[in-house]
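**Student:** fold the stuff below for me.
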Amino acid sequence: VRLIDDILDLSKIESNTIKFTYSNYSLKSIMKDIEKEQVVKNVPEIEIKAILPDDDIYITTDATRLKQVICNFINNARKFTEEGYIHFGYTVDSIHADSVHVFVEDTGSGIPQECQKEIFDRFYKVDTFKQGTGLGLSICKTIAEHLQGEISVESKVGKGSCFSVTLPFKRQAED
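**Tutor:** Below you'll find the model as predicted:
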């Protein structure tokens with residue numbers, strides 16, 4: 001069922017039959033919603049926590065699809081993290097102040113350098129023994145592209161990984 005859902009999701013996105021509904025959202029509010037959902041699935045050995053800056057920012061996005069990407073990153077991190085933490089949040093790029101960096105960082109097993117290029121390809125799995133269809137990150141990449149964002153990963157074997165999406169945003173004038 002999961003495989004069928006993933007294939008349907010991917011094909012709907014790629015064929016532009018899936019609706020993206022854009023509105024202005026508080027990024028801090030989106031992250032706090034995700035944190036509340038994740039607390040329900042708490043594992044004592046892993047701290048799952050939103051790391052948020054003091055300043056809230058508002059971005060024009062499809063909140064449901066952005067949450068799907070972040071939750072997929074977190075669910076993947078859960079599969080490969082036995083202890084330590086999974087932190088997620090956002091930072092505003094100080095150099096490129098017209099973009100925001102949404103991230104999920106973990107202390108999991110990490111991804112070998114030679115696998116990092118293919119990690120966003122369909123059906124690609126670093127560990128074939130772990131659950132999953134190998135479509136989640138491909139779906140995330142496609143969603144990120146629809147949101148005019150860029151997806152990336154930094155990882156070290158034995159240290160953990162950091163998946164991120166860099167999204168455009170325009171600063172709102174202060175009232």
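**Student:** check what pLDDT the spatially most central residue of the chain gets.
**Tutor:** Nearest residue to the geometric centre of the chain (C-alpha atoms, centre = their mean): Ile70, 3.0 Å. On the pLDDT scale, Ile70 is placed at 96.
**Student:** from Ile34, how far off is the closest residue to Asn42 other than its chain neighbours?
**Tutor:** With C-beta to C-beta, 6 or more residues apart in numbering as the criterion, Asn42 has its nearest non-adjacent residue at 7.0 Å, and that residue is Ile48. Every residue, glycine included, has its C-beta placed from N, CA and C. In this structure, Ile48 and Ile34 are 10 Å apart, going by C-beta to C-beta, to the nearest Å.
**Student:** now list whatever residues contact both of these two.
**Tutor:** Ile74 (C-beta atoms under 8 Å, 6 or more residues apart in numbering).
**Student:** thinking Lys12 is in contact with Phe20, fair?
**Tutor:** No. Judged on C-beta atoms under 8 Å, Lys12 makes no contact with Phe20 at a distance of 10.8 Å.
**Student:** just the buried positions in the helix or strand where Leu137 lies, please.
**Tutor:** Taking DSSP states H and E as the definition, Leu137 sits inside helix 136-146. For helix 136-146, burial by neighbour count (16 or more other C-beta atoms under 10 Å) applies to Gly136, Leu137, Ser138, Ile139, Cys140, Lys141, Thr142, Ile143, Ala144.
**Student:** make TSV from those and add distance to Ile74 to it.
**Tutor:** Converted to TSV, these look like this (distance: C-beta to C-beta, whole Å):
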residue	distance to Ile74
Gly136	11
Leu137	13
Ser138	17
Ile139	14
Cys140	11
Lys141	16
Thr142	18
Ile143	15
Ala144	15
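**Student:** just the closest of these to Lys159, please.
**Tutor:** Nearest to Lys159, judged by C-beta to C-beta, of these is Leu137 at 19.3 Å.
**Student:** next one, pLDDT for the closest one please.
**Tutor:** Value for Leu137, per-residue pLDDT: 90.
**Student:** what segments of this protein are helices?
**Tutor:** Ranges of helices in the chain, per DSSP state H, are 2-14, 27-40, 63-80, 113-116, 136-146.
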